[in-house]
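# Provided below for reference: sequence and predicted model.
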Amino acid sequence: MNVSSILEEVDKSFDSQALPKEGEIQVSRFFPFTIDFLLFLFSFFFINALEQRDLTLSMDPLLPDLLILTSVIWLLVALCSGRLKLERYRSLNEFFHFFLRTIIYMLFVTTLAVNIFGMNVFFRHHVCGTFGLLLLLELAVIPSLYFKSSSKWKKCSFKNGYIGDLHMPLAWIDMSFLLISYFGVHYLLYDVFYKDTFTLHILIIHIGVGLVSATWTHKYKKTPPQNIYFAYPPFFKSGILTAAVFALLVFGVGLYKDRLYLLFGPIPILMLLELPLCFFYCRTRLMPKEYDIEDIDVVNRLLQQEKTDAVEVEKIKLKKSVRDKLELLYLTERPDLFSFLENNINLDCIESTATRVFNTDKLFKIKALENFSIQFFINFNQINNFRHLNDYFLNVHRKLTASGYFVGCKNRFDDYHEQIYQKYPPFMARLIYSSYVLFRQVLPGIPGIRCICRAIPHGRNTVISKAELLGRLYFCGFRVINVTELNGHIYYIVQKAKSPLLYRNPSQGLFIELKRIGYQGQVIRIKKLRTMYPYSEYIQDIVFSQNRLNRNGKIRDDFRVTKWGKFFRRLWLDELPQLINYLHGDLSLVGVRALSEHYFNLYPKDVQNLRIKTKPGLIPPYYADMPKDFDAIVKSERIYLERKLQEPFSTDVLYFCKAIYNIVFKRARSA
């Protein structure tokens, strides 16, 4: 390679470094320092103007010294931390957390400095106000100068609660424990939560030293620990390091000699609070495979893989029927169950050697079976003892041949209520039963709290309703044959079916979104409070075929509705979130009820065409006409829609007044 080619390569490298990428503004390395220093000066003089009513620093001879001191501290922290190297940030969340941390460092160093140099009189307003306003201005100005124009920022996001190498939820919880410990000790010492400026001084020192010690000991690192014995030592070392720094301040520098208890008291309390924190952190981080399968993409991928693998499996030939084996061996003590099976399944067509009968809650025993080798699978162990039901059902699904049968059971939902009320007095029973349902059924379904509930070692006697059971079975690729109650248990017979038509993940939590047919046939998402058990949305066709509709157009005796759901529906509390849809423009005040695709297809074609010409409403014409059955509902809506298309305003006013009258004076209700 000659010299000219080398020079060309060098020129190309310089050109590639000098030219910004398309859509991205090239920012000078010193530009952020200049902007941030101007923001710092503006913050200092603005706070001084609010405090002294003067833009100059002539009101007090120590003000120029304070400005120089805080400027030096700002510069040192900015240079040492590299906070203004904007290319290091992958997202706005990372930018915010790092700038907040460095502002706390500045406050920590400034607190020590003003106490050493005797500038306590300026502390609360000048120092805290300056750095607090600086943080707000930085968050408002600097991202707009860099991140919006950066292609790197557009591709990155904040995921899984991690900022760099930090686990931010762990850090925020630990800082909350620090505040609890500090103010608890302060209240025990002085009977108040805030006494004087030294309360704020020492709190900032606690936070600053805590962050520094956490950085050195890596107690917030995102790498999962091996176990609790490896997780807690960084927290313990951080506490010891904090105590050592405070000892140096008191006995070496001579600060806060009269506040020893406030300095050292919160440290052992914080270390005790961090013990259960480490325990839950370890359990949630070390059990990634403990989560149940609740993602439709995962389920569809597993079921599709089954189809591929099952192509090469030979069909089982019938040699001996399983009828005699069931009646004379397995079900001799359960004649009612045998009759239930005989009435719903042709037992003469099931091969005896392709039948498996279990009484286990150990999933590994089921996984050990050969895939696509079982025609008939029975498990007498109640499903309430399985920690992850979907995983269990999908494994059974994989072991069955095409159109194979699966029989299982669960405890009756009311058994827990009866057992608790028989064992305890009424007052204690109400409290125990409410707590039991809360921790076994409600909280595990809330995404934000689910990981905490999974960290608690349990798994037996899980509360599960009939609706959730059938919904989970459909979600995992089964078709429900029949369900009945025998000897205090709910028994079900399901058959392996084709992949279910899953259009979304099972809804969790208090608020849900339901797909409904809206204006011009577009699909809208209606917001509601949950009134049904989880997974109920998957069995609407089953419930409709069994129960049909009542007079108000809803399913009669719908077992999917919870007890509190019936109360919510009676008072329309479940409809309140629809006000958000009204504000978004998805709904009008008066209009026909927004229907799912299943209900929409029950209407005649002419009413379907009329429905999509107007927006659904919060108050349907049902409450104005009070029809008695589904046909009357269809007739009422046809008349309303035809009138509304001709005279929209007067029709809505008329129906609104009639609906309010019926609701208030005739006590019309939705369920």
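Looks like it came in fine.

# Only C-alpha atoms from now on, for both contacts and neighbour counts.
Will do.

# In a strand, Ala402, correct?
Yes. When classified by DSSP: H, G, I helix; E, B strand; the rest coil, Ala402 is found to be part of a strand.

# Wait, it touches Phe376, no?
No. Using C-alpha atoms under 8 Å, Ala402 makes no contact with Phe376, being 10.8 Å away.

# out of those two, which sits in the more crowded spot?
More crowded of Ala402 and Phe376, by other C-alpha atoms under 10 Å: Phe376, with 24 against 19.

# For Ile316, see how far away the more buried one is.
As judged by C-alpha to C-alpha, to the nearest Å, Phe376 and Ile316 stand 12 Å apart.

# which residues are in contact with both of these two?
Common contacts of Phe376 and Ile316, defined by C-alpha atoms under 8 Å, 6 or more residues apart in numbering, comprise Ala354.

# Excluding chain neighbours, give the residue nearest to Gly210 in space.
By the measure of C-alpha to C-alpha, 6 or more residues apart in numbering, the closest residue to Gly210 outside its immediate chain neighbours is Thr242, 6.5 Å from it.

# For the one you found, report the pLDDT, please.
Looking at Thr242, its pLDDT is 87.

# if I pick it, what's in contact with it?
Contacts for Thr242 (C-alpha under 8 Å, 6+ apart) come out as 209-210, 213, 267.

# rerun at 7 Å
Neighbour list for Thr242: 209-210, 213 [criterion: C-alpha atoms under 7 Å, 6 or more residues apart in numbering].

# again with Asn482
By C-alpha under 7 Å, 6+ apart, the contact set of Asn482 is 492-493.

# Find the helix or strand that it is a member of.
Using DSSP states H and E, Asn482 sits in strand 478-486.

# Tell me the gap between that strand and the middle of its chain.
Remark: strand 478-486 is offset 32 Å from the chain centroid, using C-alpha atoms, centre = their mean, to the nearest Å.

# what helices or strands is the helix or strand following it leaning on?
Using DSSP H and E, the helix or strand that follows strand 478-486 in sequence is strand 489-496. Judged by 3 or more C-alpha pairs under 7 Å, 6 or more residues apart in numbering; DSSP states H and E, strand 489-496 is in contact with strand 400-411, strand 478-486.

# Please identify the deepest-packed of these.
When you average the neighbours per residue for each of the helices and strands packed on strand 489-496 (mean count of other C-alpha atoms under 10 Å), strand 400-411 leads with a mean of 22.

# what about the strands in the stretch 301-450 of the chain?
355-358, 374-379, 400-411 (DSSP state E, counting those that start in this stretch).

# correct me, but Ile350 touches Arg323?
No. Counting by C-alpha atoms under 7 Å, Arg323 is not a contact partner of Ile350; they are 8.1 Å apart.

# More neighbours: these two, which one.
Comparing Ile350 with Arg323 by other C-alpha under 10 Å, the one with more neighbours is Ile350, at 23 against 19.

# Contacts only, for Leu270.
Neighbouring residues of Leu270 by C-alpha under 7 Å, 6+ apart: 177-178, 181.

# From those residues, pick the one nearest Asp191.
Using C-alpha to C-alpha, Ser181 comes nearest to Asp191 of those, at 14.5 Å.

# returning to what we had before: which one of the contacts of Thr242 is nearest to Leu431?
Closest to Leu431, out of all of the contacts of Thr242 and judged by C-alpha to C-alpha, is Gly210, at 40.2 Å.

# List the buried residues in the helix or strand hosting Ile207.
Element membership for Ile207, per DSSP H and E: helix 197-217. Using 16 or more other C-alpha atoms under 10 Å as the test for burial, helix 197-217 gives 198-214, 217.

# so what does it touch, helix or strand wise?
So helix 197-217, by 3+ C-alpha pairs under 7 Å, 6+ apart, packs with helix 92-116, helix 228-247.

# Confidence-wise, which of those is weakest overall?
Among the helices and strands packed on helix 197-217, helix 92-116 carries the lowest mean pLDDT (a mean of 78).

# Return the set of buried residues in the next helix or strand along the chain from that helix.
The C-terminal neighbour of helix 92-116 among helices and strands, as given by DSSP H and E, is helix 128-146. By neighbour count on 16+ other C-alpha under 10 Å, the buried set for helix 128-146 is 128-135, 137-138, 142-143, 146.

# what angle sits between helix 128-146 and helix 92-116?
Helix 128-146 and helix 92-116 are oriented at 150 degrees to each other (axes from the mean of the first three to the mean of the last three C-alpha atoms, to 10 degrees).

# Name the residues that touch helix 128-146?
Under the criterion C-alpha under 7 Å, 6+ apart, residues 39-40, 43-44, 47, 96, 103 lie in contact with helix 128-146.

# Among these, which pair sits farthest apart?
Spatially, the most separated pair among the contacts of helix 128-146 is Ile47 and Phe96, at 22.5 Å (C-alpha to C-alpha).

# the more surrounded of these two?
Applying other C-alpha under 10 Å to Ile47 and Phe96 shows that Ile47 carries more neighbours, namely 21 against 16.

# could you dump the helices and strands packed on strand 489-496 to JSON lines with mean pLDDT?
Output for the helices and strands packed on strand 489-496, formatted as JSON lines (pLDDT from 0 to 100):
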{"stretch": "strand 400-411", "mean pLDDT": "91"}
{"stretch": "strand 478-486", "mean pLDDT": "91"}
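
# Indicate which one of the helices and strands packed on helix 197-217 is closest to Phe656.
Checking the helices and strands packed on helix 197-217 against Phe656 by C-alpha to C-alpha gives helix 92-116 as the closest, at 47.1 Å.

# Could you pull up the contacting residues of the spatially closest residue to Lys219 that is not a sequence neighbour?
Among residues not flanking Lys219 along the chain, Pro234 sits closest, at 4.9 Å (C-alpha to C-alpha, 6+ apart). When contacts are counted by C-alpha under 7 Å, 6+ apart, Pro234 touches 217-219.

# Leu84 too?
32-33, 78.

# go again using 10 Å as the cut-off
By C-alpha atoms under 10 Å, 6 or more residues apart in numbering, the contact set of Leu84 is 29-33, 36, 78, 95, 99, 142.

# Can you tell me how far it is from Thr531?
According to C-alpha to C-alpha, Leu84 and Thr531 sit 50 Å apart.

# Hmm, Phe183 is touching Pro266, no?
Yes. Phe183 is within contact range of Pro266, at 8.5 Å (criterion: C-alpha atoms under 10 Å).

# who's more crowded, those two?
It is Pro266, of Phe183 and Pro266, that has more neighbours when counted by other C-alpha under 10 Å, with 22 against 18.

# ok, and the closest non-adjacent residue to Thr111?
Thr111's closest residue in space is His201 (C-alpha to C-alpha, 6+ apart), at 6.2 Å.

# secondary structure class for Ile464?
With three-state DSSP as the basis, Ile464 sits in coil.

# So what's the residue count around it?
Neighbour count of Ile464, defined by other C-alpha under 10 Å: 19.

# Need the per-residue pLDDT for it.
At Ile464 the predicted local confidence, pLDDT, stands at 83.

# Touching, it and Cys409? I think so.
No. In this structure, Ile464 is not within contact of Cys409 by C-alpha under 10 Å, at 11.4 Å.

# Quick check: the gap between Phe193 and Gly184.
Computed as C-alpha to C-alpha, the Phe193 to Gly184 distance reads 8 Å.

# Settle it for me: which of the two has more neighbours?
Gly184 (18 against 15).

# Is it correct that the more buried one falls within a helix?
Yes. Counting by three-state DSSP, Gly184 is part of a helix.

# quick one: contacts for it?
By C-alpha under 10 Å, 6+ apart, the contact set of Gly184 is 178, 191-193, 262, 265-266, 269.

# now the strands for the stretch 501-650 of the chain?
So, for the stretch 501-650 of the chain - with DSSP E, counting those that start in this stretch - the strands run 511-517, 523-529, 588-590, 617-619.

# Of the ones you listed, which is nearest Asn300?
Closest among those, using C-alpha to C-alpha: strand 511-517, at 20.6 Å.

# now that closest one, how far from the centre of its chain.
On the basis of C-alpha atoms, centre = their mean, strand 511-517 sits 18 Å off its chain's mean C-alpha point.

# now swap in stretch 411-428 and tell me
31 Å.
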